[in-house]
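Visitor: pasted the sequence and its predicted model underneath.
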Amino acid sequence: MTVGIIATLKVQEGKNEEFESVFSELVQQVRANEPDNLLYAIHRSRTDSQVYKVLEQYTNDAAIEAHGKTDYFRAAGAKLAGCLAAAPDIETLDEV
């Protein structure tokens, strides 16, 4: 059963360009190196330009755990933390 994640990220004013640049690099790394990741995409809200949604889908929970332990995810996380206005809101979903 696949597992989905929706992460809502609120970015500080003036940090959008930096945030998008770092996240774009992360997306490329995930897609190139994680065969059990089926979807990894970021979208900006049309109603609040400081809000982003990350849509993720993995083949199983082990793939999510492996994703969080990668060097590139940890490096991006450190860079992205300086761009965020609040802690991410993470929702994990089971496929039906």
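Guide: Looks like it arrived, so ask away. Numbering: from 1, shown residues only.
Visitor: gap between Arg44 and Glu95?
Guide: Distance, Arg44 to Glu95, by Cβ to Cβ, to the nearest Å: 25 Å. Backbone N, C-alpha and C define where each C-beta goes, glycine included.
Visitor: more neighbours: which of the two?
Guide: Neighbour totals were compared for Arg44 and Glu95, and Arg44 leads with 15 against 8 (other Cβ atoms under 10 Å).
Visitor: got a list of what that one touches?
Guide: By Cβ atoms under 8 Å, 6 or more residues apart in numbering, the contact set of Arg44 is Asn16, Val51, Tyr52.
Visitor: for Tyr72, same thing?
Guide: Residues in contact with Tyr72 (Cβ under 8 Å, 6+ apart) are Glu25, Leu26, Gln29, Val30, Asn33.
Visitor: and of those residues, the nearest to His67?
Guide: His67 has its nearest neighbour among these in Val30, at 6.9 Å by Cβ to Cβ.
Visitor: related to what we said a few turns ago, which of the contacts of Arg44 sits closest to Pro88?
Guide: Tyr52 (9.6 Å).
Visitor: quickly list what the residue positioned nearest the centre of the chain is bridged to.
Guide: Geometric centre of the chain, nearest residue: Val54, 4.6 Å, by Cα atoms, centre = their mean. Note on Val54: beta-bridge partners by DSSP bridges are Ala7, Ile42.
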